[in-house]
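Chemist: pasting the structure only:
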């Protein structure tokens, strides 16, 4: 899970770091951090998306926010799996499949789902 969070967080940190450095023209001699490159790149994105180039960063912020909610939700499900998985597994095992505490061999005689075709008694 740490690898997933790292692979998710690094591009977001890199993008927003680049965005604010180039927005304020703090280029340190690097062309890709210049304001001209920033405006040109968002002009291209705006033409591709048929949006005003000044609206693209807000759309990206919303996209990153939704992505963050999904990743954090998946991380929480994985972290707290023992609180919901064990009771769910126990419920399915006892109530749906009919397996008792005695072991795997004792199943209920009539399954919940109907069997396809006629059931013939043993001879």
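Modeler: Looks like it came in fine. These numbers come from a predicted model, not from an experiment.
Chemist: got the domain boundaries for this protein?
Modeler: Domain ranges of the chain: 2-79, 82-113, per automatic domain parsing.
Chemist: Could you report the distance from the closest residue to residue 37 other than its chain neighbours to residue 24?
Modeler: Nearest residue to residue 37, sequence neighbours excluded (CB to CB, 6 or more residues apart in numbering): residue 31, at 5.9 Å. (Glycine included, C-beta is placed from N, CA and C.) The gap separating residue 31 from residue 24 is 16 Å, by CB to CB, to the nearest Å.
Chemist: These two - which one has more neighbours?
Modeler: More crowded of residue 31 and residue 24, by other CB atoms under 10 Å: residue 24, with 11 against 8.
Chemist: With adjacent residues omitted, what lies nearest to that one?
Modeler: Looking at residue 24 with CB to CB, 6+ apart, the closest residue is residue 35, at 7.9 Å.
Chemist: looking at it, that neighbour is touching residue 22, isn't it?
Modeler: Yes: with contact defined as CB atoms under 8 Å, residue 35 reaches residue 22; the gap is 6.4 Å.
Chemist: So for these two, which sits in the more crowded spot?
Modeler: Higher neighbour count among residue 35 and residue 22: residue 22, with 21 against 14, using other CB under 10 Å.
Chemist: Residue 94 versus that one, what's the distance?
Modeler: 59 Å.
Chemist: buried set for the helix ranked longest in the chain?
Modeler: Determined from DSSP state H, the single longest helix within the chain is helix 56-79. By 16 or more other CB atoms under 10 Å, the buried positions in helix 56-79 come out as 56, 57, 60, 71.
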